[in-house]
Every structure is written in structure tokens, then in C-alpha cells.
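*Asks:* give me the fold of what follows.
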Amino acid sequence: MQHVKRWFRKWNLDLTKEEVIAAVNKNKSDPSKYTPSPFDGPYAPEDSEDFNGKTVIFRGEGKIYQFRVEDTNTTWFSCDGSEEEKCFCKIRTMEKEMYVFNMIVPSYETARQVTLIADTVNGAATVVDAHIGTPNCTRDVDREFIFGRIDGDYAEEAPLHHFTDEMTGKAIIWDYGAGFTQVKHIYNSNLFYTYSMNTEAGPWMATNPADYVKVRDNVYIFSFVEERQPGLQMLLLINLETMHDIGCCFGVDENRGMSSGCVGGHGTFADICTVYDLKI
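*Replies:* Model prediction:
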């Protein structure tokens, strides 16, 4: 059997705060440069116009987030009564029942991405408030999960989103369309996950911190941060009935600048007992 060279993995990739700010500022003001994503292919829905001209108010854990959607890619955002900020926004939908609002808040010193994932059937929702920089690493994404509801005429008995271990023990190979490699996700813990993929530099495997949130039966939020790597966050809404995911990525690269792009893929259940079983 032909031996395949493995990707050399250098773990010390941290940047100074000044380097992070300089990288973010390369494209922070130009969404056309920070929003493209190689995962935004044929399985990703188009930007939704369903909330144009509407205001969505999220209340949870003592916080209030307001999203006043002006048009397809413009949302005026405020938090806890703060002054509204004009944000570039992408809104994607899953079956027109669940929506992902993703936006960059321009006033943050480095970069701040606020994502609302809302179930418009029962009103339960999650805000993931993320920013670049943690106490341990200036380039890693740090984030907070806030569970609550969006204002509207919904049944109060609908359960709130909550952390879960129901994904543990599953594995899925995700396909993001022609021109991009498949990625195998192994959900081997309620606190971590493992993935493998092929790259131009060779095969790659890693395990990273992850969080799992139950939205409804067979629908989950999955989020991970590429710790000790480029530090980016991937935030995905996964439907295990349709084997479809949508979401967004967020991070910084010293050469390319900031990333905040949407993603969408089609999944196939895979063997949980193997880690690297993709074709090379």
C-alpha cells in the first residue's frame, strides 16, 4: 500500500493582540471579502428575505437582543438597550421553520459575531455571542450560549434549547459540494469532537472542544473552536432527519483577515469506530 505523507502540524499559531486587530482591519469594513466561504456551496440555502422590514427581539437569561432587519443583508442590532448598530447580516433558513441570523458587530475592538438561531414554530431560540480572543489565546474565538425565546405568539410550554449529550456516539461524513473535500465529524464526547479530512497538504485529523445544544427532536446546534489551530469557530444547525446542516464560520487569519461566512452541507451517517476512512 502506498504511504501517504501526513500534514505537518505546528501548534504554536497564536498572534499578538495588535496582530489580531491588524488582521481584522484588513477586511472588517468590506463584507464581500470576509463573508465568502468554501463551505457555502450547493447545499447552502440562499439569503432569506422572510424577515425584511421586521424586528426580532430575543429575551433570555436576563439579556435582550434586538434585530431590526432592514433588508436582506442589513440589520440594525442592539443589546440590552444599547444604541443600534448597522450590521451586515446573512439570514439562512432550514425548511422555513428554523432560521440562522449571522452578523458582525462593527464596534468591537477585534471582531464580534452575533448569531441568533430561532425556531419560528415554537419561539425557542439561542444566541451565540462570539468574539475573537480568550484568556488563553488572542486569536481563538470565545463565545457565550444564551437560551431564551423570541417575542411572538408562541406556546410557553415549548422547551428552551439546552445543552445535550444526545449527539454523543454518532459520526457523519459531511459533503459541501463539488470542489471541496468531504469532512468526517465524530461526535465522541459532549465536550469534544474529532474530525478528519483530506487537504492539499495531506490527510488531517484533530480533536477540538465542542458544544452541543438540543433545538428539538433530531435537530441540534453544534459548535466547535479549532483550539491550537487557527482558533476559528464553526457554528452549525444540524437536522438529523434531512441530514442537512447550515451555519457559519468565524475567525481570523493574519494573511486573509477576518472570516464570517455561511456554510451548508449534506451528511451521511458513518462508522463511529473508525476515525480516518475517507478516500485519499
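*Asks:* can you read off the pLDDT for I186?
*Replies:* Note for I186: predicted pLDDT of 96.
*Asks:* which element is it on?
*Replies:* Assigning secondary structure by DSSP states H and E places I186 in strand 183-187.
*Asks:* neighbouring strands for that strand, and are they parallel or not?
*Replies:* strand 170-175 (antiparallel), strand 192-199 (antiparallel) (DSSP bridges).
*Asks:* ok, R92 touching S48?
*Replies:* Yes: in this structure R92 lies within contact range of S48 using CB atoms under 8 Å: 6.1 Å. C-beta: built from backbone N, CA, C; applies to glycine.
*Asks:* flag the shaky bits of the stretch 1-150 of the chain, pLDDT-wise.
*Replies:* Low-confidence regions of the stretch 1-150 of the chain, defined here as pLDDT under 70, cover residues 1-12.
*Asks:* what segments of it are strands?
*Replies:* Here the stretch 1-150 of the chain has its strands, by DSSP state E, counting those that start in this stretch, at 55-60, 63-71, 74-79, 85-94, 98-105, 112-119, 124-132, 141-150.
*Asks:* buried residues in the last one?
*Replies:* Of all the residues in strand 141-150, those buried under the rule 16 or more other CB atoms under 10 Å are 141-143, 145-150.
*Asks:* gap between stretch 268-275 and the chain center?
*Replies:* 22 Å (CA atoms, centre = their mean, to the nearest Å).
*Asks:* report the beta-bridge partner residues of the most centrally placed residue in the chain.
*Replies:* When CA atoms, centre = their mean is applied to the chain, the residue found nearest the centroid is L235 (1.9 Å). Legend: beta-bridge partners of L235 under DSSP bridges are S223, C248.
*Asks:* and it, how far from D175?
*Replies:* Distance, L235 to D175, using CB to CB, to the nearest Å: 19 Å.
*Asks:* export the buried residues of strand 141-150 to CSV and tack on distance to C248?
*Replies:* Output for those, formatted as CSV (distance: CB to CB, whole Å):
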residue, distance to C248
V141, 11
D142, 16
R143, 12
F145, 15
I146, 17
F147, 19
G148, 20
R149, 22
I150, 19
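*Asks:* of the residues you listed, just say which sits nearest to E83.
*Replies:* I146 (20.3 Å; CB to CB).
*Asks:* so the closest one sits against K63, correct?
*Replies:* Yes: here I146 reaches K63: they are 5.9 Å apart, a contact under CB under 8 Å.
*Asks:* anything in contact with each of the two?
*Replies:* V127 (CB atoms under 8 Å, 6 or more residues apart in numbering).
*Asks:* for the lengthiest strand in the chain, packing partners?
*Replies:* What stands out as the longest strand in the chain, according to DSSP state E, is strand 202-216. Here strand 202-216 touches strand 112-119, strand 124-132, strand 141-150, strand 162-163, strand 192-199, strand 219-225, going by 3 or more CB pairs under 8 Å, 6 or more residues apart in numbering; DSSP states H and E.
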